[in-house]
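Visitor: one predicted model, sequence on top.
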Amino acid sequence: QVQVVESGGGLVQAGGSLRLSCTASGLTFDDYAMGWFRQAPGREREGVSCISWSGGTIYYADSVKGRFTISRDNAKDTLYLQMNSLKPEDTALYYCGGGSNVYCRLSSYNYWGLGTQVTVSE
């Protein structure tokens with residue numbers, strides 16, 4: 001059974017940093033593109049950043065370019081998201097997903113965690 005577990009969320013002031021982690025078990029981690037998605041109240045889930053199985057191709061949403069960095073460690077079956085210069089509009093539930101599209105196309109992601117909450121205060 002596939003399990004995806006996110007961690008690292010929390011409450012931070014604007015301008016601060018957080019590092020999210022995601023571990024996946026029950027699947028061959030390096031067979032999959034992995035990604036971070038977020039969903040704010042009243043809004044649809046959106047792709048934040050996704051990375052190919054090798055790490056050679058990376059996508060960032062325009063809203064996070066230059067502030068967020070995605071990486072993966074296939075030896076540890078772990079995905080990371082370093083978030084710097086956080087803004088209140090980054091507040092959302094952040095999900096880790098496993099799928100087949102490096103450009104964060106939602107319909108191509110099959111495996112999801114329960115999410116970790118990120119709250120950025122003014």
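Guide: Received, thanks.

Visitor: lowest average confidence, helix or strand, in this structure?
Guide: Between all helices and strands in the chain, the lowest mean by mean pLDDT, DSSP states H and E belongs to strand 109-112, at a mean of 95.

Visitor: the most centrally placed residue in the chain pairs with what?
Guide: Residue closest to the average C-alpha location in the chain (C-alpha atoms, centre = their mean): W36, at 2.0 Å. Applying DSSP bridges to W36 gives these bridge partners: S49, C96.

Visitor: give the contact list for it.
Guide: 20, 22, 47-50, 70, 79, 81, 94-97 (C-beta atoms under 8 Å, 6 or more residues apart in numbering). All C-beta atoms are positioned from the backbone trio N, CA, C, and that covers glycine.

Visitor: distance of L114 from S63?
Guide: For L114, the distance to S63 equals 23 Å [C-beta to C-beta, to the nearest Å].

Visitor: count of neighbours near the nearest residue to S7 once chain neighbours are set aside?
Guide: Closest residue to S7 apart from its sequence neighbours, by C-beta to C-beta, 6 or more residues apart in numbering: S21 at 5.2 Å. Residues lying near S21 (other C-beta atoms under 10 Å) number 17.
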